[in-house]
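Student: Structure of the sequence below:
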Amino acid sequence: MHSTADNPVHQANAVAMIYARSVMELAAETGEARVDEIGDELAQIGQLLRDQPDLGRLLLHPTINIEKHRRIIDQIFRGRVTDLTCHLLQVLRKKGRLDQLGAVIASYRNLLKDRRGEVDVDVTSAKPLDAETLAAITRQLAASLGSTPTLHTRVDDEIIGGLKIRVGDQLLDGSVATQLVRIKRQLADAGRNAARQGTPD
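Tutor: Alright, predicted model coming up:
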């Protein structure tokens, strides 16, 4: 049985996290605004590579020597991003780790969420949830988790109970889930009562 240390994917993610954490620590030395700025720049670079896959292939092309890669990175990014972000790209290039740039970007994004006290939450419901119900769920989750939740909703009419909430790899415990279902029912009842009261005799 292989340990996680022997898993190439785990090792790549661990290395990416080291780079991301180092960049964040350097950015934090000049203030919180720089931490956010680096996050924005990395997100934009990630989007650029998705929009222009030829650029990613160019950066990783095995026949292009290290010095030419250095010039390419400078030509594309120097003056368009902060020196720190450009330095990160050059370090990855020098260490032969540009293929892990996407993982570094993802790791930085996760670190930034942790720093901001944010958490991603997957909400699966049997039927689409209205804005009022989602707002109530967000408030309940914020109180239960002590973090700011970002909801990612999905509809699956086959789920049991009508509502499933997952934070990371864990389903919420029954008590929280029950409270959220109760909120949903209370909002539905309130809506029906309001509709009845608004109906003329």
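Student: quick one: stretch 64-74 to chain centroid distance?
Tutor: Chain-centre distance of stretch 64-74: 30 Å, with C-alpha atoms, centre = their mean, to the nearest Å.
Student: quick check: mean pLDDT across that stretch?
Tutor: The average pLDDT within stretch 64-74 is 85.
Student: Could you do stretch 100-107 as well?
Tutor: Mean per-residue pLDDT for stretch 100-107: 93.
Student: Okay, buried residues for that stretch please.
Tutor: Buried positions in stretch 100-107, judged by neighbour count with 16 or more other C-beta atoms under 10 Å: Gln100, Leu101, Ala103, Val104, Ile105, Ala106, Ser107. To be clear about C-beta, it is placed using only N, CA and C from the backbone, and glycine gets the same treatment.
Student: Leaving out chain neighbours, which residue sits closest to the first one?
Tutor: Right, Gln100. Ala16 (5.2 Å; C-beta to C-beta, 6 or more residues apart in numbering).
Student: Then the last one?
Tutor: With C-beta to C-beta, 6+ apart as the measure, Ala20 is the residue that lies nearest to Ser107, at 3.7 Å, once sequence neighbours are left out.
Student: and the one you found, how many neighbours?
Tutor: Residues near Ala20, counting by other C-beta atoms under 10 Å, number 24.
Student: distance of the residue nearest to Gln100 from Glu132?
Tutor: 40 Å (C-beta to C-beta, to the nearest Å).
Student: Comparing the two, which shows the higher neighbour count?
Tutor: Higher neighbour count among Ala16 and Glu132: Ala16, with 21 against 14, using other C-beta under 10 Å.
Student: pLDDT wise, what is that one at?
Tutor: 92.
Student: Can you pull the phi/psi pair for it?
Tutor: Per-residue torsions, Ala16: phi -60, psi -40 (degrees, to the nearest 10).
Student: ok, now Gly96?
Tutor: phi 70, psi 30.
Student: What number of residues are in the vicinity of it?
Tutor: Gly96: 10 neighbours (other C-beta under 10 Å).
Student: any idea how far Leu171 is from it?
Tutor: Applying C-beta to C-beta to Gly96 and Leu171 gives a distance of 40 Å.
Student: where in the protein is pLDDT low?
Tutor: The chain contains residues with pLDDT under 70 at 1-12, 161, 173-201.
Student: try 90
Tutor: For the chain, the stretches with pLDDT under 90 are 1-14, 32, 53-70, 72, 93-94, 96, 98-99, 110, 113-152, 156-201.
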